[in-house]
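Visitor: Give me a model of this one.
(chains A, B, C and D)
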Number of protein chains: 2
Amino acid sequence: MKIQPFKVYGQKRQVEPALDQKKIVQAALGLLDEDGFDGLTMRSLAKKLGIKAASLYWHVRGKEELLGLLAEEICAPMGVPDRTLPWQKQLEVLGNEYRRVLLAHRDAARILASSGAPSGPNRLRLTEMVLSILLDAGFSPQDAVYAGSLLNEYVTMFVSGETQYENTETKSDRKDSPSEAQNWIKALPPTDYPSVVALADHLMKSDADDRFRFGSEILRNGLETRLATRSGR
Amino acid sequence: MKIQPFKVYGQKRQVEPALDQKKIVQAALGLLDEDGFDGLTMRSLAKKLGIKAASLYWHVRGKEELLGLLAEEICAPMGVPDRTLPWQKQLEVLGNEYRRVLLAHRDAARILASSGAPSGPNRLRLTEMVLSILLDAGFSPQDAVYAGSLLNEYVTMFVSGETQYENTETKSDRKDSPSEAQNWIKALPPTDYPSVVALADHLMKSDADDRFRFGSEILRNGLETRLATRSGR
DNA sequence: ACCTGAACACCGTTCAAGT
DNA sequence: ACCTGAACACCGTTCAAGT
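Guide: The predicted structure is shown next:
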């Protein structure tokens, strides 16, 4: 039943290994898209590869390293903004691009959030890009670092949130029928929570793209103000 | 070895149950402080309470509900800002207060991030407060909702990040000796990552309070700009 | 060098059975 | 009504052993 890999007798006489880190990461990415973050386990990954879980540990140190490699792979398709644009526009483009990349794979934002500081080339390039834009814009070194992590964390947090409950999608979701949650909010005591009750409709039907743009704009405007008040003295 | 609870013979003749939801949540909070988020399991919680894990399921639906109750408990000590202050100051105070409350228990931010939308009174009060401040400031319903979740998510995300690697504290941490990570960054190819390398020192020694203030200010300034440009037409 | 068998020390949850 | 015994279906990781 097992198909042997094509053996090449010549310069290299060794059989090419059935497994390598690249194949593992690729399979993990596929499994992530199929079963999500919680479905991605060392054991299920091994099963998908037709091997035993223990074999994985010859190629990766553990699950943490695997998630790091996965984070790198997810960030690979990141494009770069046109550096001749004004810095605000560059940040906007970069933010949109990062979100696009995170939305390309199921639970990708959770992978990025769970893995630590960037150590691979793809994520480092992203960090370099945002810091470079901020320094060129005129931010101080300390402010550039703070702003950079703020922008990065905003996107991962946002996408994390927007995709958190998409597997728990309510099937019977008529577009305009008030959701159960909406009715729940409206049933709250208005004396205690007047604003919450008043905003019930708006709290539920928030468009993700719209909401992302909002936060994105708030951050850029805030940074603009910061730059203006600092460089002016 | 077991100490029987004091029985009252009279109106109520039943023995008071050894367990109730309140005691469970209290014990869970203690366990969280001792062993952190990953150490808080249904089994270890049961052990701490001197019972079997299965018993917990009589009092709570499952772990998800327990985390929700825990989130409520964590938010209980939230104070409210002086409503006569300008809205920017009110938001600042509220943000600081929320961060303070999250830092009061180990991994509290992770609990808040993992539990879903607020459904208990304590977290609802927080939501009501921020929405009320924003509406009073003059934001549109939609903007108030967007800004509210942005502010809330900023704090939880920030505290999540600032506490993420505090259990992995490097023991041999001389204050001014360059950290291992710092040296790692400085060893990167400056041609590929000029800004990252140049900012190595600033990337490592970021003061959490300072950084929180920075992001907090950026958000408030961004909202101010938004309010100014929208109410003017 | 690379992979497996088998175990270790865990998880959350269910459910018939006990009191 | 409340709690337990015992199981189910999982986890990540290690390590001696195989090839």
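
Visitor: pLDDT weak spots in chain A?
Guide: A:1-17, A:167-178, A:232-233 (pLDDT under 70).

Visitor: For it, just list every one of the helices.
Guide: Using DSSP state H, the helices of chain A run over A:21-39, A:42-49, A:53-59, A:63-75, A:87-103, A:108-114, A:121-137, A:141-164, A:180-186, A:194-198, A:200-204, A:208-231.

Visitor: mind checking which of these is nearest residue B:138?
Guide: Between residue B:138 and the helices of chain A, the tightest spacing by C-beta to C-beta is seen for helix A:194-198, at 13.5 Å. For glycine as for every other residue, the C-beta is placed from the backbone atoms N, C-alpha and C.

Visitor: What helices and strands are in contact with the closest one?
Guide: helix A:180-186, helix B:121-137 (3 or more C-beta pairs under 8 Å, 6 or more residues apart in numbering or on different chains; DSSP states H and E).

Visitor: possible to save those helices as TSV with distance to residue B:207 and mean neighbour count?
Guide: Below are those laid out as TSV (distance: least, C-beta to C-beta, whole Å; neighbours: other C-beta atoms under 10 Å in any protein chain shown):
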stretch	distance to residue B:207	mean neighbour count
helix A:180-186	39	14
helix B:121-137	26	20
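
Visitor: Now render those as TSV, adding distance to residue B:67.
Guide: Output for the helices and strands packed on helix A:194-198, formatted as TSV (distance: least, C-beta to C-beta, whole Å):
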stretch	distance to residue B:67
helix A:180-186	18
helix B:121-137	12
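
Visitor: Please identify which of those is closest to DNA strand D.
Guide: Closest to DNA strand D of the helices and strands packed on helix A:194-198 is helix B:121-137 (C-beta to the nearest atom of the strand; 23.2 Å).

Visitor: Off-centre distance for that closest one?
Guide: Put simply, helix B:121-137 sits 17 Å off its chain's centre (C-alpha atoms, centre = their mean, to the nearest Å).

Visitor: Repeat that for stretch A:187-196.
Guide: Its chain's C-alpha centre and that of stretch A:187-196 lie 35 Å apart, by C-alpha atoms, centre = their mean.

Visitor: do the same with stretch A:73-91
Guide: Counting by C-alpha atoms, centre = their mean, stretch A:73-91 is centred 15 Å from the centre of its parent chain.

Visitor: go on, stretch A:82-93?
Guide: 21 Å.

Visitor: try stretch A:115-135
Guide: The chain centre lies 14 Å from the centre of stretch A:115-135; the measure is C-alpha atoms, centre = their mean.

Visitor: same check, this time on stretch A:222-233
Guide: Offset of stretch A:222-233 from its chain centre (C-alpha atoms, centre = their mean): 29 Å.

Visitor: and if you look at stretch A:135-145?
Guide: Worked out by C-alpha atoms, centre = their mean, stretch A:135-145 lies 24 Å from the chain centre.

Visitor: contacts for that stretch?
Guide: With contacts defined as C-beta atoms under 8 Å, 6 or more residues apart in numbering or on different chains, stretch A:135-145 is touched by A:87, A:131, A:134, A:147, A:223, A:226-227, A:230-231, B:195, B:198-199, B:202-203, B:206, B:214.

Visitor: Can you turn the buried subset of those residues into a selection I can paste into PyMOL?
Guide: To isolate the buried ones among those in PyMOL, judged by 16 or more other C-beta atoms under 10 Å in any protein chain shown, type:
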select buried, (chain A and resi 87+131+134+147+223+226+227) or (chain B and resi 195+198+199+202+203+214)
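
Visitor: wait, which of the contacts of stretch A:135-145 is closest to residue B:35?
Guide: After measuring the contacts of stretch A:135-145 against residue B:35 - C-beta to C-beta - the closest member comes out as residue B:206, at 27.6 Å.

Visitor: does residue A:115 really touch residue A:68, like I thought?
Guide: Yes: with contact defined as C-beta atoms under 8 Å, residue A:115 reaches residue A:68; the gap is 4.9 Å.

Visitor: Export the helices and strands packed on helix A:194-198 as JSON lines, with columns for distance to DNA strand C.
Guide: Output for those, formatted as JSON lines (distance: least, C-beta to the nearest atom of the strand, whole Å):
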{"stretch": "helix A:180-186", "distance to DNA strand C": "21"}
{"stretch": "helix B:121-137", "distance to DNA strand C": "21"}
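
Visitor: which stretch among those helices comes nearest residue A:103?
Guide: Set against residue A:103 and scored by C-beta to C-beta, those come closest in helix A:180-186, at 23.3 Å.

Visitor: Which elements pack onto that closest one?
Guide: Judged by 3+ C-beta pairs under 8 Å, 6+ apart, helix A:180-186 is in contact with helix A:194-198, helix A:200-204.

Visitor: May I have the first one exported as PDB, CA atoms only?
Guide: As requested, the backbone C-alpha atoms of helix A:194-198 are provided in PDB (Å, rounded to 0.1, in the frame of the first residue of the first chain):
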ATOM      1  CA  PRO A 194     -29.300  52.900  29.100                       C
ATOM      2  CA  SER A 195     -26.600  53.300  26.500                       C
ATOM      3  CA  VAL A 196     -26.200  49.500  25.900                       C
ATOM      4  CA  VAL A 197     -29.900  49.100  25.300                       C
ATOM      5  CA  ALA A 198     -30.100  52.200  23.100                       C
END
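
Visitor: Pull the residues that contact it.
Guide: Contact with helix A:194-198 is made by A:185-186, A:188, A:190, A:203, B:124, B:127-128, B:131-132, B:135, B:141, B:144, as judged by C-beta under 8 Å, 6+ apart.

Visitor: Just give me the residue closest to the centre of chain A.
Guide: The centroid of chain A falls nearest to residue A:109 when counting by C-alpha atoms, centre = their mean (2.7 Å).

Visitor: Spit out the contact partners of it.
Guide: Counting by C-beta under 8 Å, 6+ apart, residue A:109 has contacts A:102, A:156-157, A:159-160, A:163.

Visitor: tell me which residues in stretch A:150-168 are buried?
Guide: Residues of stretch A:150-168 classed as buried: A:150-163 (neighbour count, 16+ other C-beta under 10 Å).
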